[in-house]
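> Return atomic coordinates for the entry below.
(chains A and B)
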Protein chains: 2
Amino acid sequence: MERKQALQKTLEMLEKANIVLTEEEKSKIEITDMGLGHLEVEGLQLLTYINTDRYCAKELVLFPRQTCPEHLHPPVFGKDGKQETFRCRWGTVYLFVEGEETDIYCKPPAGKEQWYTAKHGIVLKPGEQYTIPPNTKHWFQAGDEGAVISEFSSTSRDEYDVFTDPAVVRVGD
Amino acid sequence: MERKQALQKTLEMLEKANIVLTEEEKSKIEITDMGLGHLEVEGLQLLTYINTDRYCAKELVLFPRQTCPEHLHPPVFGKDGKQETFRCRWGTVYLFVEGEETDIYCKPPAGKEQWYTAKHGIVLKPGEQYTIPPNTKHWFQAGDEGAVISEFSSTSRDEYDVFTDPAVVRVGD
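Got it, this is the predicted structure:
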């Protein structure tokens, strides 16, 4: 999918979720396939509202059944890794973190199972949220309609994220 | 206005802004007149989504022309005071911070002028945001329709806020 098409799809989903953006913000939406080359299967669309040395807030958009690959936020500069709260605003999110295996029906992308080790699943519907501790492996997938998620967190330093799949390159578009 | 009526009005405004809450969250909405006894003139309705030792996120609701009294967030426990980003989601917010006086048309509540000293005004419409530095006096008022504001910030410690008006008592409902 080309950037233009992916951006249009992202904007349509944000509109469905009634999230209002300025024109400048629309032009700053990040669309990343994490270097894996199949955006609709593995990837993420996001807008960072604010990222200071104390806190961060983003809006995340996932296309239907799109998966954000497993990763964790390690300690950086002697400080704890990023702590983040996912709040589902629209659609459904299947979030998996380290912990006891649950039987929620949601599968990793076909052929990529070895890079998805966190098996404790949480289902988030609009108005529901979950806080992911620092240094904890997690991945997430949208339901059949896609999902819009508000992320509240400590400072974001995406370039230090550690992905389970060694093929991931965490770059913007 | 009774709590029940104020809560109903708050929920209606959140619905207009398409903000979805769980039933448990609805029951935890804070409605405060700051001890001033006239909620519709000076006061605030809010829901804290998450408040950890690293970051905080809230939804704020202001009734039409309701004003949140001037205050600042001082350093606490040797750390900088709260830094916060206001993002307007619905309606209009008139935000005033310390700085050069602007000629935005928005007046403090009648008879309370002496407790409103910050005169640098910023108008926020949906999708617009502003970050207030720590230790900086600020107050805000909704436009004629009211306002819904997402607040992203460092850790919130409301009990340490310093209000300009000595009559303010920062307590929940």
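> phi, psi of residue A:3?
phi -60, psi -40 (degrees, to the nearest 10).
> pLDDT score for it?
pLDDT, residue A:3: 89.
> Residue A:169 too?
Looking at residue A:169, its pLDDT reads 88.
> That one contacts residue A:35, doesn't it?
Yes. Contact status for residue A:169 versus residue A:35: in contact at 3.1 Å, counting by Cβ atoms under 8 Å. Just so you know, the C-beta spots here come from the backbone N, C-alpha and C atoms, and that holds for glycine as well.
> Just want to know which of the two has more residues nearby.
Counted by other Cβ atoms under 10 Å in any protein chain shown, residue A:169 and residue A:35 do not tie: residue A:35 has more neighbours, with 14 against 11.
> ok, now which ones touch that one?
Shown in contact with residue A:35 (Cβ atoms under 8 Å, 6 or more residues apart in numbering or on different chains): A:167-171.
> Contacts only, for residue A:85.
So residue A:85 contacts A:129-132, A:151-153, B:49-50, B:57 (Cβ under 8 Å, 6+ apart).
> Whichever of these end up buried, select them in PyMOL.
The PyMOL command for the buried members of these (criterion: 16 or more other Cβ atoms under 10 Å in any protein chain shown) is given here:
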select buried, (chain A and resi 129+130+132+151+152+153) or (chain B and resi 49+50+57)
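> What's opposite the residue minimising distance to the centre of chain A in the beta bridge?
Nearest to the geometric centre of chain A sits residue A:68, at 5.2 Å (Cα atoms, centre = their mean). Residue A:68 forms beta bridges with residue A:140, as assigned by DSSP bridges.
> Surely it is in contact with residue A:44?
Yes. Assessed by Cβ under 8 Å, residue A:68 is found in contact with residue A:44 at 4.8 Å.
> returning to that earlier point: drop anything exposed from the contacts of residue A:35.
Buried residues within the contacts of residue A:35, counting neighbours by 16+ other Cβ under 10 Å: A:168, A:170.
> what's the closest of the contacts of residue A:35 to chain B?
Chain B has its nearest neighbour among the contacts of residue A:35 in residue A:170, at 21.6 Å by Cβ to the nearest Cβ.
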